[in-house]
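Visitor: Next comes the sequence, and after it the predicted model I'd like to discuss.
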Amino acid sequence: MATKRRKTAADRALAREVEKVTHVIWPGVLERYRPFLPVTSATPVVTLQEGNTPLIRSRALAEKLGPGIEVFFKCEGLNPTGSFKDRGMTVAVSKAKEAGAQAVICASTGNTSASAAAYAVQAGMKCVVLLPKGAIALGKLAQALMHGAQVLAVSGNFDDALELVREVSKTAPVTLVNSVNPHRLEGQKTAAFEVCDALGAAPDFHALPVGNAGNITANWRGYADYYRIGTIDRRPKMLGFQAAGAAPLVTGKRVDKPKTIATAIRIGNPANREGALQAVKESRGLIRAVTDKEILEAYQFMAAREGIFVEPASAASVAGVLKLAKKKFFKRGIRIVCTVTGHGLKDPERAVKMLRMPPTVPVNLAAVLKRMDL
Ligand SMILES: Cc1ncc(COP(=O)(O)O)c(C=O)c1O
């Protein structure tokens with residue numbers, strides 16, 4: 001039997017406060033930024049309510065950089081499939097569905113496949129994924145398989161797989177959803193909108209890891225849109241960071257056998273090369289390489305000092321900012337946004353490999369107290 005509730009004035013005031021913030025469901029980037037995206041009322045919205053990711057103020061990195069420098073992390077690992085790819089995938093898969101596609105295909109270093117597979121489920125489509133054999137993090141492979149994608153491991157690298165899916169999409173009834181699909185970049189530009197919406201302005205610098213170079217291109221496009229309509233009155237300098245063993249945009253030469261522990265950015269021939277170079281040139285930014293050692297140090301630093309667990313490739317932006325800071329690149333009074341692109345749980349093997357396994361203790365209070373290191 002229902003009991004009668006006795007509400008005090010304070011309870012009623014509290015309920016009114018709750019009312020203000022509930023019933024507000026974030027609709028995903030396609031609805032939130034609809035006027036900026038290539039969609040119409042005829043476009044079906046395929047969404048997992050991606051976007052609205054936290055912009056977390058840095059304590060430890062900011063402290064390292066010195067007084068007068070603010071740093072924020074745009075935590076894209078908090079998207080529904082754990083990476084920034086979801087922003088682009090909602091638009092690409094919605095447009096594919098609008099065009100009547102029954103299936104999508106991608107080549108992937110892991111995150112694109114996880115995202116494409118999940119959005120294909122939402123859209124009721126098939127998803128085919130080509131991965132470089134043995135070169136993607138286990139968590140990402142698990143995602144694609146769990147979402148029911150047909151996964152084929154190519155005995156080559158990402159660049160080989162991308163070439164293959166480009167060919168396949170020309171001959172088979174399947175839509176390519178890699179970042180060579182322009183709808184992907186349109187969706188991904190919404191990350192820059194969110195940064196400006198949160199800060200009330202553009203940052204002075206925006207640092208990103210760079211692989212196939214779609215995301216830096218897309219973020220720059222987002223700033224360009226807001227600048228054109230007057231929402232921001234200046235744009236940031238774009239800072240792109242590639243892994244030293246896979247840095248074609250730094251050396252100016254295609255890398256036939258890219259090498260890095262950061263599998264997500266192990267790419268030797270970026271499809272969005274021109275977009276990235278234009279972003280850097282127009283913004284008067286730069287593209288630099290960071291070594292695997294620097295990436296792994298930043299990876300550990302993010303987890304241990306900021307409480308943010310990112311995947312190794314994501315830490316390239318942090319490693320790059322640290323490297324530039326050592327050369328006194330940043331002046332006082334500036335604001336830096338670092339995109340951290342994917343969640344650390346996608347690549348647990350890397351973390352576990354770097355650390356000591358926990359000791360075993362008996363079920364005994366004294367033994368636990370003895371081993372505790374407080
Ligand atoms: C975690 C992560 N970071 C960075 C990148 C690089 O992004 P882009 O290929 O758009 O340069 C990727 C691409 O797969 C990624 O998965």
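Guide: Thanks, I have it. Numbers count the residues shown, from 1 in each chain.
Visitor: And the helices in the stretch 1-150 of the chain?
Guide: For the stretch 1-150 of the chain, the helices defined by DSSP state H, counting those that start in this stretch cover 9-21, 29-32, 60-65, 85-98, 111-123, 138-146.
Visitor: what comes up buried for whatever helix or strand comes next after the last one?
Guide: Right, the one you point to is helix 138-146. Following the chain from helix 138-146 toward its C-terminal end, the next helix or strand by DSSP states H and E is strand 150-154. Within strand 150-154, the residues that count as buried by 16 or more other Cβ atoms under 10 Å are 151, 154. In short, each C-beta sits where N, CA and C put it, glycine included.
Visitor: now stretch 248-258
Guide: Buried-residue list, stretch 248-258, by 16+ other Cβ under 10 Å: 248-250, 255, 258.
Visitor: Is it in proximity to the ligand?
Guide: No: using Cβ under 6 Å from any ligand atom, stretch 248-258 stays clear of the ligand, coming no nearer than 9.5 Å.
Visitor: With stretch 97-106 instead?
Guide: No: judged by Cβ under 6 Å from any ligand atom, stretch 97-106 and the ligand are separated, with a smallest distance of 10.4 Å.
Visitor: Pull out the C-alpha coordinates of that stretch and format them as PDB.
Guide: Below are the C-alpha coordinates for stretch 97-106, written out as PDB (Å, rounded to 0.1, in the frame of the first residue of the first chain):
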ATOM      1  CA  LYS A  97      21.000   5.100 -44.300                       C
ATOM      2  CA  GLU A  98      19.400   8.000 -46.000                       C
ATOM      3  CA  ALA A  99      21.000   6.900 -49.300                       C
ATOM      4  CA  GLY A 100      19.500   3.400 -48.800                       C
ATOM      5  CA  ALA A 101      22.800   1.600 -48.000                       C
ATOM      6  CA  GLN A 102      22.500  -1.900 -46.500                       C
ATOM      7  CA  ALA A 103      26.100  -2.200 -45.300                       C
ATOM      8  CA  VAL A 104      29.100  -0.100 -44.300                       C
ATOM      9  CA  ILE A 105      32.800  -1.000 -44.600                       C
ATOM     10  CA  CYS A 106      36.000   0.400 -43.100                       C
END
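Visitor: what comes up buried for it?
Guide: 97, 101, 103-106.
Visitor: residues making contact with that stretch?
Guide: 42-44, 46, 92-93, 96, 112-113, 116, 119-120, 123, 125-130, 165, 168-169, 172-178 (Cβ atoms under 8 Å, 6 or more residues apart in numbering).
Visitor: please redo it, this time with the cut-off set to 6 Å
Guide: Surrounding stretch 97-106, the residues in contact under the criterion Cβ atoms under 6 Å, 6 or more residues apart in numbering are 43-44, 46, 96, 112, 116, 120, 123, 125-129, 165, 169, 174-178.
Visitor: how far out from the middle of the chain is that stretch?
Guide: Centroid separation between stretch 97-106 and its chain, computed with Cα atoms, centre = their mean, to the nearest Å, is 23 Å.
Visitor: where does residue 282 fall, phi/psi-wise?
Guide: Phi and psi for residue 282, reported as degrees, to the nearest 10, are phi -60, psi -30.
Visitor: Quick check: chain neighbours aside, which residue is closest to it?
Guide: With Cβ to Cβ, 6 or more residues apart in numbering as the criterion, residue 282 has its nearest non-adjacent residue at 7.3 Å, and that residue is residue 220.
Visitor: For residue 225, list the residues it contacts.
Guide: Contacts of residue 225 by Cβ under 6 Å, 6+ apart are residue 36.
Visitor: Confirm that it sits in a helix.
Guide: Yes: assessed by DSSP: H, G, I helix; E, B strand; the rest coil, residue 225 belongs to a helix.
Visitor: circling back to that earlier point, by neighbour count, sort out the buried ones in the contacts of stretch 97-106.
Guide: 43, 46, 96, 112, 116, 120, 123, 125-129, 165, 169, 174-178.
Visitor: from these, which are also near the ligand?
Guide: Among the buried ones among the contacts of stretch 97-106, the residues lying close to the ligand (Cβ under 6 Å from any ligand atom) are residue 112.
Visitor: Which members of the buried ones among the contacts of stretch 97-106 are positioned in strands?
Guide: With DSSP state E as the criterion, strands contain 126-129, 175-176 from among the buried ones among the contacts of stretch 97-106.
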